[in-house]
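Asker: Compute the structure for the input listed below.
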Amino acid sequence: MIEELDVVALTESLPEHNLAVGEEGTIVLVYGDHEAYEVEFMEGDTWYTKALVTLKPDKVRLTWKASPVPHTVTAD
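Answerer: Down below sits the predicted model:
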């Protein structure tokens, strides 16, 4: 299942956002029970956001799974 911080690729072009099929972006938010994803696409190798788009699950495919990160840390 796709989760926040996973990397996905587009399954179709989005010309209105200047994004081509296969372009990769990072999941920054999962809506509800995976009804949609907020995906950030970066401009080349820069830190600039090219597009931030809300997409249905059929518009993306998983290409890289982020390692789980604990949200709490216990002290010894």
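Asker: quick one: contacts of whichever strand or helix holds K50?
Answerer: Assigned by DSSP states H and E, K50 falls within strand 49-55. Outside strand 49-55, the residues that touch it by Cβ atoms under 8 Å, 6 or more residues apart in numbering are 14, 17-19, 25, 28, 31, 36-43. To be clear about C-beta, it is placed using only N, CA and C from the backbone, and glycine gets the same treatment.
Asker: let's see 10 Å
Answerer: With Cβ atoms under 10 Å, 6 or more residues apart in numbering as the test, strand 49-55 has contacts from 8, 10-12, 14, 16-19, 23, 25, 27-29, 31, 36-44, 59-60.
Asker: And stretch 27-44, by the same measure?
Answerer: By Cβ under 10 Å, 6+ apart, the surrounding residues in contact with stretch 27-44 are 1-8, 10, 14, 17-19, 23-26, 48-57, 59-60, 62, 66.
Asker: I'd like to know which of those are buried.
Answerer: 2, 6-8, 10, 14, 19, 23, 25-26, 50-51, 53, 55, 59-60 (16 or more other Cβ atoms under 10 Å).
Asker: ok, what's across the strand from the residue nearest the centre of the chain?
Answerer: Geometric centre of the chain, nearest residue: I27, 2.4 Å, by Cα atoms, centre = their mean. Judged by DSSP bridges, the bridge partners of I27 are V39.
Asker: L19 now?
Answerer: L19 has these beta-bridge partners by DSSP bridges: L14.
Asker: List the contacts of it.
Answerer: By Cβ under 10 Å, 6+ apart, L19 lies in contact with L10, E12, S13, G25, V39, F41, K50, A51, V53.
Asker: Is it possible to get CSV of those that adds pLDDT?
Answerer: CSV is the format used below for the contacts of L19 (pLDDT from 0 to 100):
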residue, pLDDT
L10, 98
E12, 98
S13, 98
G25, 97
V39, 98
F41, 98
K50, 96
A51, 98
V53, 98
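Asker: Check those and tell me the two furthest apart.
Answerer: For the contacts of L19, the farthest-apart pair by Cβ to Cβ is E12 and K50; their separation is 16.8 Å.
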